[in-house]
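>>> With the sequence up front, the predicted model follows.
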Amino acid sequence: MDPNRYAALFAAESRDHLQQCNAHVLAWEQAPHSLEPVQGLFRSVHTLKGMAATMGFARLAGLAHDLESLLAAVRAGTVAASPDVVDLCFRALDRLEEGVGLAIAGDDELLAVGDLRGALLRAVDAEDPAPAAPDRPVAASPPLPATGLPVRVRLRARVAMPGARAALVLRRARELGEVSGVEPDPGIWMDDAFTGEFGFRLAG
């Protein structure tokens, strides 16, 4: 196994997701009452969190987790999409970008996260969240499209770094077409309970 192969995969994938995050948060800033940018931002941050945890980048994964929690609260309508919340997301994304660079260099432990993680947690635990307007129910996450060829993958038993290998398979699949419906969620691929079996749909 070549560790550099997975480091290169993490670098490419994380930068792609950070680019998507920045596009989503800019769209959100332009339309603060729209849930669509929040949905896209949540998905990208969630994927980045799972990849960081799979690679053992604990500080980066922890910061992504707290940003994900704030975005989940905005999606649920328990936290209002105020300018302060959008600005906090911008700050967290800047720190995540810094963290990806440190992680790639092998310096994840140098990422300063205490101030931002505290701010993110305080935003989620605000005592007086703005309720969702009664005539505008909070939209549910859009279902994943059930199109494309169903693909099942089973890694060899007791293979090293199964989460990273699964991520590599998924990246190769995305080079062939559109991937959707990944199960189980990549966010749990770093867990010891991950068996190395997963599935997705590939349209291409």
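Ah, there it is.
>>> which secondary element of the chain has the worst mean pLDDT?
helix 162-174 (a mean of 81; mean pLDDT, DSSP states H and E).
>>> where in this structure is pLDDT low?
Scanning the chain for pLDDT under 70 picks out the ranges 1-4, 126-146, 187, 190.
>>> That one: strands as residue ranges?
149-154, 178-183, 197-203 (DSSP state E).
>>> Format the ones you listed as CSV; extra columns: distance to His33 and mean neighbour count.
No exception for glycine: its C-beta is placed from N, CA and C like everyone else's. Formatted as CSV, the strands of the chain follow (distance: least, Cβ to Cβ, whole Å; neighbours: other Cβ atoms under 10 Å):
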stretch, distance to His33, mean neighbour count
strand 149-154, 37, 12
strand 178-183, 27, 16
strand 197-203, 32, 17
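>>> Nearest to Cys21 among those strands would be which one?
strand 178-183 (18.5 Å; Cβ to Cβ).
>>> Could you dump the strands of the chain into TSV with distance to Asp115 added?
Output for the strands of the chain, formatted as TSV (distance: least, Cβ to Cβ, whole Å):
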stretch	distance to Asp115
strand 149-154	40
strand 178-183	33
strand 197-203	36
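>>> on that earlier part again, give the buried residues for the least confident helix or strand of the chain.
162-168, 170, 173 (16 or more other Cβ atoms under 10 Å).
>>> just stretch 95-105 next, same as before
Using 16+ other Cβ under 10 Å as the burial criterion, the residues of stretch 95-105 that qualify are 95-96, 99-100, 102-104.
>>> Determine which two of those are furthest apart.
Arg95 and Ile104 (15.1 Å).
>>> Helices of this protein, residue ranges please.
Ranges of helices in the chain, per DSSP state H, are 3-30, 36-54, 58-76, 83-104, 114-124, 162-174.
>>> In a markdown table, list those along with distance to Leu149.
A markdown table is the format used below for the helices of the chain (distance: least, Cβ to Cβ, whole Å):
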| stretch | distance to Leu149 |
| --- | --- |
| helix 3-30 | 22 |
| helix 36-54 | 22 |
| helix 58-76 | 30 |
| helix 83-104 | 32 |
| helix 114-124 | 39 |
| helix 162-174 | 10 |
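>>> Figure out which of those helices is closest to Leu155.
Among the helices of the chain, helix 162-174 sits nearest to Leu155 (Cβ to Cβ), with 5.3 Å.
>>> how about the CA coordinates for that closest one, as CSV?
Only the C-alpha atoms of helix 162-174 are listed here, as CSV (Å, rounded to 0.1, in the frame of the first residue of the first chain):
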residue,chain,number,x,y,z
PRO,A,162,-10.6,0.4,4.1
GLY,A,163,-12.2,3.9,4.3
ALA,A,164,-9.4,5.5,2.2
ARG,A,165,-9.6,2.6,-0.3
ALA,A,166,-13.4,3.0,-0.6
ALA,A,167,-12.9,6.8,-1.2
LEU,A,168,-10.4,5.9,-4.0
VAL,A,169,-13.0,3.7,-5.6
LEU,A,170,-15.6,6.4,-5.4
ARG,A,171,-13.2,8.9,-7.0
ARG,A,172,-12.5,6.6,-9.9
ALA,A,173,-16.2,6.0,-10.4
ARG,A,174,-16.8,9.8,-10.5
